[in-house]
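[1] below are the sequence and a predicted model for it; my questions follow.
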Amino acid sequence: MNDLSSLPIALPAAPLLPGPLDDIRAPGERFPAGSCDCHAHVFGPDHLYPYIGNAAYRFPLTTVERFEAMLATLGCTRAVLIQPSVYGTDNRCMLAALRARPDTLRGVAVVDPDISDAELLELDAAGVKGIRINVSSKTSVLRIDDAPRLAARIAPLGWHLQFFAKLDQMPELGERLRALPVRCVIDHFGHIDANDGASGAGFRQLLELAALDHVWFKLVGPYRLSTRAPRFPDVTPLARRLIDTAPERCVWASDWPHPNASPMPNDGDLADALFDWAPDPTIRRRILVDNPAQLYGFDAAAASRAS
């Protein structure tokens, strides 16, 4: 009998997810000049940028031009692209977009834990400003244990570490972040459950992290916390409290083109939700313009001249 144990196993193709809406409506009030969408992705074409073998999903072609059309509808002129988990450490798709738009785009990469200094400098020159550590996905590349060594290496570059983590499953995260010598960014509200309210363990931990001066927060993806579309009113009191606690360390994002979102949100609704979360225009400008300029190295003065 032939030994078949050494033959390659053909993995089933990851599911193709629906793409974002084309008919994006404008928010009720336009964003201020210099506003930044701090968390989005671009995908494809597949023949240039193949998915990793264990990718959890595939996504339709979503180009930087299509992304910019959405941003223009909202009134955003700047954005930050995040390396999707389905590309692993192959950052080429994101880097191509950054190099095409050096004045308006920045990036957050996923890297090998043993990335070389030369590779870090190459990413820095392209506009990368941070590394994402995904500790909640089956396609994770980096572990939380990699954070201290990576933080020491990126500190001279002025980069930050971004964490994709479910806080209610990581009660030790605060202690792990406390000693890191770089800014740390929590995305997607730490994946808390809005049903648990302000008394939930995840939100309590989020506020504990907010007491650390170097921990920042992305106000992004309310559909990951709540099912009450389109404005997610159960997220509003949580977002307001987080903003009240750390207004100088919150940024907003769309999460376009919304991988794994169901139903697919309209970005105009997501923008309007920010007006619920931050009704004070001064605080809202801080979240949309001033804080992103500081975190990602945009020219704050240019935004002020344009307003």
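    Here it is on my side, so go on.

[2] which residue packs closest to Gln205, ignoring adjacent ones?
    Computed as Cβ to Cβ, 6 or more residues apart in numbering, the closest residue to Gln205 that is not its neighbour in sequence is Leu167, at 4.6 Å. Glycine gets a C-beta too; all of them are placed from N, C-alpha and C.

[3] do you know the pLDDT at the one you found?
    Reported pLDDT at Leu167 in the predicted model: 92.

[4] surely it meets Gly202?
    Yes: the pair Leu167 / Gly202 is scored as a contact, 4.4 Å apart, by Cβ atoms under 8 Å.

[5] what sits in contact with each of those two?
    190-192 (Cβ atoms under 8 Å, 6 or more residues apart in numbering).

[6] which among those residues count as buried?
    190-192 (16 or more other Cβ atoms under 10 Å).

[7] next helix or strand past the helix or strand encompassing Val251?
    Assigned by DSSP states H and E, Val251 belongs to strand 250-252. Next helix or strand after strand 250-252 toward the C-terminus (DSSP H and E): helix 267-277.

[8] name the residues that touch the very next helix or strand once past that following helix?
    Next along the chain after helix 267-277, taking DSSP H and E as the criterion, comes helix 281-285. With contact meaning Cβ under 8 Å, 6+ apart, helix 281-285 is reached by 32, 243, 247, 274-275, 278.

[9] three-state assignment of the closest residue to Leu150 other than its chain neighbours?
    Take Leu150 and drop its neighbours on the chain: the residue closest to it by Cβ to Cβ, 6+ apart is Ile131, 5.9 Å away. Taking DSSP: H, G, I helix; E, B strand; the rest coil as the rule, one finds Ile131 in the strand state.

[10] where's Ile131 relative to Arg101, distance?
    Ile131 sits 21 Å away from Arg101, going by Cβ to Cβ, to the nearest Å.

[11] in terms of neighbours, single out the busier of those two.
    Between Ile131 and Arg101, counting by other Cβ atoms under 10 Å, Ile131 is the more crowded of the two (26 against 18).

[12] hey, what's that one bridged with?
    The residues listed as beta-bridge partners of Ile131 by DSSP bridges are Ala109, Leu161.

[13] returning to what we had before: and Leu167 and Gly202? Which one has more around it.
    More neighbours surround Leu167 than the other of Leu167 and Gly202, with 24 against 21 (other Cβ under 10 Å).

[14] let me see the contact set for Thr77.
    Counting by Cβ under 8 Å, 6+ apart, Thr77 has contacts 33-36, 71, 104, 306.

[15] in contact with the nearest residue to His188 once chain neighbours are set aside, which residues?
    Nearest residue to His188 in three dimensions, chain neighbours excluded: Gly221, at 4.4 Å (Cβ to Cβ, 6+ apart). Neighbour list for Gly221: 39, 187-189, 253, 255, 261 [criterion: Cβ under 8 Å, 6+ apart].

[16] could you do Gly127 as well?
    By Cβ under 8 Å, 6+ apart, the contact set of Gly127 is 98-99, 102, 105-107.

[17] so which helix or strand takes in the one residue sitting closest to the centre of the chain?
    Residue closest to the average C-alpha location in the chain (Cα atoms, centre = their mean): His39, at 3.6 Å. Taking DSSP H and E as the criterion, the element that holds His39 is strand 36-40.

[18] by how many degrees do that strand and helix 267-277 diverge?
    Counting by axes from the mean of the first three to the mean of the last three Cα atoms, to 10 degrees, strand 36-40 points 120 degrees away from the direction of helix 267-277.

[19] any low-confidence regions in the stretch 151-300 of the chain?
    Applying pLDDT under 70 to the stretch 151-300 of the chain flags residues 300.

[20] now the helices for it?
    173-178, 201-210, 236-245, 267-277, 281-285, 291-296, 300-306 (DSSP state H, counting those that start in this stretch).

[21] with respect to Asp124, which of these lies nearest?
    The closest of those to Asp124 is helix 291-296. By Cβ to Cβ, the value is 12.5 Å.
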